[in-house]
Every structure is written in C-alpha cells, then in structure tokens.
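# dropping a prediction and its sequence here:
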Amino acid sequence: SASLPDFQNMTEEERRAAFDKLRAEREALSEADKEKQDAERRAQQAAQQKEADAKLAEILLPHQMDRLSQIELQTQGIRALASEEVVKELGLSDQAKADIAATIQTSGEKMRAEMQALFQSGNRDGLREKMEALGKGLEEEVLAKLTQDQRDKFVAMKGEKFDMPQGAFGGPGGQRGGQGGGRPQRPAQ
C-alpha cells in the first residue's frame, strides 16, 4: 500500500488537497479493495504495535506494564471493546461484538453530523461541553450492550482513574502514538 503524504510539513491548503485526493482514491475503490486496504493497514499497525510492545517490555517492570495497559484502556474508552484482548477477557459473544460495532458506527456518524452542524452554525459556545455530552451518550449506549458483570470487569480492567494532563500526547485525554496510536494492550502472555 502507498505511504501517506508528509502532512506535518504541509501548509493547510496542501493538507486539504492531499486529504481530498486520498478520499477520492478511497471512494474509487471497490468494496473488496477497501476491505483489503483496511486489512493491510491493520496488519501493519499490529506489526508496529508488537515491535513497540517488545521494546516497552524491555524497559518497564511488570507492574508498570500493567498500569500502562490500564491507563490506555481509560484513554481508549469504549473503542477498547473492539480489541481482541478485551473481547476475550470480557467474554463478549459475536453478537455482542457486532451490536457494539454497529452502535459505535451509527452513533459516531450521528455525532459527526451534529458536530459539523455546530461548526457550520458558527455558534461555538459550549462546544466542548456539547462534544463531551455526545461522547457520554455514546458511551452509555455502548455499555448498555454489556451485562452487568462485563461492565464491572471492564471498569476493573481500567484500574484506578488517571487524569490525563490537558494537551498531553496530542490533546485532551490524548493518546500515545499519534493518530489512531497508542498501545491497545500488552501482548498476550
């Protein structure tokens, strides 16, 4: 697959043009090619993650690795429910996984539409609060797909609450590893 443009060293206009080109190329693909592209991207990310995990395991003590995993679950929120390790740990059925994925996609699209409408209206008063409320609603809707035992276990997996400093790792509640980054879980033992 082609490598991504160097967005960091582009002007805003160049960035927008590059995004538009990537979007047009993606839309021109058949569904099978889109799935293939997505699978390649996931495999590449998994390989990079495995390499990063191995390096971290050489540096951190076991209890530090455990805490890092807890904090990353907290920063991922409901997106963590898509990871194989969390699915296995919670004992999610295929039906529950499908319900959660569908809810995240549908609600995500609704959130994007609402946010776009807010931006286009020019009224940015309370924008952060509105975004947080939309996110909280999505989280509650997804967690409702879990049994009480699964919700309790998910909370326990996240450990003691960690307040991410504002602006750390790219933004509020930020995440290591940049766009889509972070170390979802430590490798299986």
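Structure received.

# just the helices in this protein please.
12-28, 31-59, 62-76, 84-90, 94-121, 127-143, 148-158 (DSSP state H).

# what about Arg112, neighbour count?
Each residue near Arg112 was counted by other C-beta atoms under 10 Å, and the total is 11. In this view, the C-beta of every residue, glycine as well, is placed from N, C-alpha and C.

# looking at it now. What's its pLDDT?
Looking at Arg112, its pLDDT stands at 83.

# repeat that for Ala46.
pLDDT, read off for Ala46, is 84.

# circling back to that earlier point, would CSV of the helices of the chain with distance to Leu4 be doable?
What follows is the helices of the chain, written out as CSV (distance: least, C-beta to C-beta, whole Å):
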stretch, distance to Leu4
helix 12-28, 8
helix 31-59, 10
helix 62-76, 22
helix 84-90, 25
helix 94-121, 21
helix 127-143, 26
helix 148-158, 31
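
# among these, which is nearest Pro165?
helix 62-76 (11.9 Å; C-beta to C-beta).

# who does that closest one touch, helix- and strand-wise?
Judged by 3 or more C-beta pairs under 8 Å, 6 or more residues apart in numbering; DSSP states H and E, the packing partners of helix 62-76 are helix 31-59, helix 148-158.

# now with 6 Å?
If contacts are counted by 3 or more C-beta pairs under 6 Å, 6 or more residues apart in numbering; DSSP states H and E, helix 62-76 sits against helix 148-158.

# contacts for the helix it packs on, please.
Gln70, Leu73, Gln74, Leu90, Leu143 (C-beta atoms under 6 Å, 6 or more residues apart in numbering).

# roughly how far does the most centrally placed residue in the chain sit from Asp152?
By C-alpha atoms, centre = their mean, the chain has its centre lying nearest to Arg79, at 5.1 Å. Distance of Arg79 to Asp152, given as C-beta to C-beta, to the nearest Å: 19 Å.

# now do the end-to-end distance for stretch 152-163.
20 Å (C-alpha to C-alpha, to the nearest Å).

# show me the shaky parts of the chain.
Within the chain, the segments meeting pLDDT under 70 span 1-3, 166-189.

# next, Gly122: phi, psi?
The phi/psi pair for Gly122 (degrees, to the nearest 10) reads phi 80, psi -10.

# scratch that, Met164
Phi and psi for Met164, reported as degrees, to the nearest 10, are phi -70, psi 130.

# from the chain's centre, how far out does stretch 119-139 sit?
Centroid displacement of stretch 119-139 relative to its chain, using C-alpha atoms, centre = their mean, to the nearest Å, is 19 Å.

# just the C-alpha atoms of it, please, in PDB.
Output in PDB follows, covering the C-alpha atoms of stretch 119-139 (Å, rounded to 0.1, in the frame of the first residue of the first chain):
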ATOM      1  CA  PHE A 119     -19.300  24.200  13.400                       C
ATOM      2  CA  GLN A 120     -21.200  25.400  10.400                       C
ATOM      3  CA  SER A 121     -23.600  27.400  12.500                       C
ATOM      4  CA  GLY A 122     -20.700  29.400  13.800                       C
ATOM      5  CA  ASN A 123     -22.100  29.100  17.300                       C
ATOM      6  CA  ARG A 124     -19.200  27.600  19.200                       C
ATOM      7  CA  ASP A 125     -20.500  28.400  22.700                       C
ATOM      8  CA  GLY A 126     -20.200  25.400  24.900                       C
ATOM      9  CA  LEU A 127     -18.800  23.300  22.000                       C
ATOM     10  CA  ARG A 128     -16.500  21.300  24.300                       C
ATOM     11  CA  GLU A 129     -19.500  20.600  26.700                       C
ATOM     12  CA  LYS A 130     -21.700  19.500  23.700                       C
ATOM     13  CA  MET A 131     -18.900  17.200  22.400                       C
ATOM     14  CA  GLU A 132     -18.500  15.700  25.900                       C
ATOM     15  CA  ALA A 133     -22.200  15.200  26.300                       C
ATOM     16  CA  LEU A 134     -22.400  13.400  22.900                       C
ATOM     17  CA  GLY A 135     -19.500  11.200  23.800                       C
ATOM     18  CA  LYS A 136     -21.000  10.400  27.100                       C
ATOM     19  CA  GLY A 137     -24.300   9.400  25.500                       C
ATOM     20  CA  LEU A 138     -22.500   7.100  23.000                       C
ATOM     21  CA  GLU A 139     -20.500   5.500  25.900                       C
END
